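> Provide a 3D model corresponding to the input given below.
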Amino acid sequence: FVVCGGMEDYPHTLIDFETRFGTDEACRSYLSQLRWPYGFVCPRCGGREAWTMSRGLWLCRQCRRQASVTAGTIFQDSRLPLTLWFRAMWYVTSQKNGASALGIQRVLGLGSYRTAWTWLHKLRRAMIRPGRERLRGLVEVDETYLGGLEEGRPGRSAPGKKALIAVAAEEVEKGIGRIRLRRIRDASGTSLCPFVYDSVEAGSRVRTDGWTGYDGLKAMGYKHEVSILARRRKRESDLLPHVHRVASLLKRWLMGTHQGAVSHDHLDYYLDEFTFRFNRRTSASRGKLFYRLVQQAVQVAPQPYDAIIKRTRCRKPRP
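Numbers count the residues shown, from 1 in each chain. Model prediction:
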């Protein structure tokens, strides 16, 4: 049993990838390193000693349970080989502007578009790491509509058929650092304040426009800065340039890679993919994105097809 001890170990080139992950056994070994970086841990009793068995199983020495490295992950119950899953993850992370289900189907030679679509949605659910660090420093926050006007919109009425997206963007040396995105029900404080709480570390500077939905931020422990449109500024985007830049790139990505064919039921997970890619846009190695995706994929619960097509993400506001 190989232990990587938490060190980042990933292929740097396509040749390296093909050499390392040509068999299911090699893929299982890599999953084991990422799921149990300090040695096997039994999912039932927490025992740390096990015997290896055939078919990639472990037998816990303490409770005698047979454990699989794919059980309890997005790979659970998949009938297709892990080598194909790994090629899908490499393809998704190596495409700078994202991948479509049709592209995955063609590259991998999958007979079913549904399989490619399902895999891509499963992988999107692994793109957000549970317990990730919140934004800090100076953070711009605003909202944008998908399918509607952004500039000069008359008030913040209920979005109706449009999707309302909350956007938070760090400022790093006058540029954009990390971002957070979330589809919200409306532009009230009940929706906006929980988004800021979940996305931005307490004590940070939060810059918004003068909308009343942000009035509660100061009481929540943030240094709330309100940016007002000055006479010399001709556009609303001049108020909060970073979030407007992110919103523009998001819309361009949705129209370019996905041809705008994104339903509101699954929009949350497309936002997760965009966030995953944007926050790693300066990574020198696409292999590191592959590493992060696999690392998070073994920590995400199984996502059956029926659950994906029927369930939408429901975010309850914090009290």
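
> Pull the residues that contact the helix or strand bottoming out on mean pLDDT in the chain.
Within the chain, no helix or strand scores below helix 305-310, which has a mean of 81 by mean pLDDT, DSSP states H and E. Here helix 305-310 makes contact (Cβ atoms under 8 Å, 6 or more residues apart in numbering) with Arg114, Thr118, His121, Lys122, His266. Any C-beta I mention is one placed from the backbone N, CA and C, and that applies to glycine too.

> Kindly list the longest helix within this structure.
helix 241-256 (DSSP state H).

> Give the rounded mean pLDDT of it.
Per-residue pLDDT over helix 241-256 has a mean of 91.

> can I get the CA coordinates of that helix in PDB?
Written as PDB, here are the backbone C-alpha positions of helix 241-256 (Å, rounded to 0.1, in the frame of the first residue of the first chain):
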ATOM      1  CA  PRO A 241     -14.900  46.600 -12.000                       C
ATOM      2  CA  HIS A 242     -13.700  43.200 -10.700                       C
ATOM      3  CA  VAL A 243     -17.100  41.600 -10.200                       C
ATOM      4  CA  HIS A 244     -18.300  43.000 -13.500                       C
ATOM      5  CA  ARG A 245     -15.300  41.500 -15.200                       C
ATOM      6  CA  VAL A 246     -16.000  38.100 -13.600                       C
ATOM      7  CA  ALA A 247     -19.700  38.400 -14.600                       C
ATOM      8  CA  SER A 248     -18.700  39.200 -18.200                       C
ATOM      9  CA  LEU A 249     -16.300  36.300 -18.400                       C
ATOM     10  CA  LEU A 250     -18.900  33.900 -16.900                       C
ATOM     11  CA  LYS A 251     -21.500  34.900 -19.600                       C
ATOM     12  CA  ARG A 252     -18.900  34.500 -22.300                       C
ATOM     13  CA  TRP A 253     -18.000  31.100 -21.000                       C
ATOM     14  CA  LEU A 254     -21.600  29.900 -20.800                       C
ATOM     15  CA  MET A 255     -22.300  31.100 -24.400                       C
ATOM     16  CA  GLY A 256     -19.000  29.900 -25.800                       C
END
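
> C-terminal to that helix, what's the next element?
helix 267-278 (DSSP states H and E).

> What is that next one packed up against?
helix 113-124, strand 175-184, helix 241-256, helix 286-297 (3 or more Cβ pairs under 8 Å, 6 or more residues apart in numbering; DSSP states H and E).

> Identify the residues contacting the second one?
Applying Cβ under 8 Å, 6+ apart, the set of residues contacting strand 175-184 from outside is 135, 137, 143, 163-171, 191-192, 195, 198-200, 242, 245-246, 250, 264, 267-268, 271-272, 274-275, 278-279, 315.

> go with 7 Å
Residues outside strand 175-184 that contact it (Cβ atoms under 7 Å, 6 or more residues apart in numbering): 135, 163-171, 191-192, 195, 199, 242, 245-246, 267-268, 271, 274-275, 278-279.

> Then stretch 44-51?
Here stretch 44-51 makes contact (Cβ under 7 Å, 6+ apart) with Gly39, Phe40, Val41, Cys42, Trp58, Leu59, Cys60, Arg61, Gln62, Cys63, Arg65.

> for it, the distance to its chain's centre please.
31 Å (Cα atoms, centre = their mean, to the nearest Å).

> still on that earlier bit, to Arg35, which of the helices and strands packed on helix 267-278 lies closest?
helix 286-297 (8.6 Å; Cβ to Cβ).

> With mean neighbour count as added columns, please give the helices and strands packed on helix 267-278 in a markdown table.
Putting those into a markdown table (neighbours: other Cβ atoms under 10 Å) gives the following:
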| stretch | mean neighbour count |
| --- | --- |
| helix 113-124 | 20 |
| strand 175-184 | 20 |
| helix 241-256 | 18 |
| helix 286-297 | 20 |
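
> what helix or strand is the spatially closest residue to Leu217 that is not a sequence neighbour on?
Nearest residue to Leu217, sequence neighbours excluded (Cβ to Cβ, 6 or more residues apart in numbering): His224, at 4.3 Å. Element membership of His224, judged by DSSP H and E, is strand 223-226.

> Can you point out the buried residues in that strand?
Going by neighbour count (16 or more other Cβ atoms under 10 Å), the buried part of strand 223-226 is His224.
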